[in-house]
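Peer 1: When you get a sec, could you give me coordinates for this:
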Amino acid sequence: MDYVIRLAQREDIPDILKLIKELAIFEKEPDAVIIDEAVLEAEGFGERPMFTCFVADSMDGIVGMALVFFRFSTWKGKALHLEDLIVNDKFRGKGIGYALYKRVMEFAVEQQVNRVQWEVLDWNTPAIDFYEKSGAKVLSDWNVVHIHKDGFEKIASI
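Peer 2: Just a heads-up that it's a prediction; the model follows:
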């Protein structure tokens, strides 16, 4: 299968959102996505983009994407967070996921970051195996913590 990994453009937004929703379904959270195309455009393609997105573009259209953003580690300095890496179900097993992953790592080198980090669900053993084989360390002694808008708004109003 022929495809190219490239930087996402505004016209890719509908396909990016479809892939985000596909990932939410895969992760057993089909109703969790609350953003829309307007949010993706404003936050990723505006004057001060909050994220960078790479897409796998083929004759079949956009079949995969990897979305990253910068973080700062008090221990390591400049870091990159891989928020999502998804390949459309019909196109998995063709090397597209690895190509997107490789592009993220190339971007990390280009941007001179000291660490790339991301989360992976504990039941997603194919992804865990893939990451470990690539040299990544899956941490078992840290818990991911989230607080959503209703929670932090409540705390902020006290």
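Peer 1: Which stretches in the chain count as helices?
Peer 2: Remark: helices assigned in the chain by DSSP state H are 13-26, 37-44, 96-110, 125-133, 149-156.
Peer 1: Kindly reformat those helices as a markdown table containing distance to Arg71.
Peer 2: Where you see a C-beta, it was placed from the backbone N, CA and C, and this is true even at glycine. Putting the helices of the chain into a markdown table (distance: least, CB to CB, whole Å) gives the following:
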| stretch | distance to Arg71 |
| --- | --- |
| helix 13-26 | 20 |
| helix 37-44 | 16 |
| helix 96-110 | 12 |
| helix 125-133 | 18 |
| helix 149-156 | 18 |
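Peer 1: List the buried residues in stretch 73-82.
Peer 2: For stretch 73-82, a neighbour-count test (16 or more other CB atoms under 10 Å) marks 79-82 as buried.
Peer 1: Between those residues, which sits nearest Val120?
Peer 2: Leu82 (9.8 Å; CB to CB).
Peer 1: number of nearby residues for the residue lying closest to that closest one once chain neighbours are set aside?
Peer 2: Using CB to CB, 6 or more residues apart in numbering and skipping the chain neighbours, the partner closest in space to Leu82 is Trp118 (3.8 Å). By the measure other CB atoms under 10 Å, the count of residues near Trp118 is 16.
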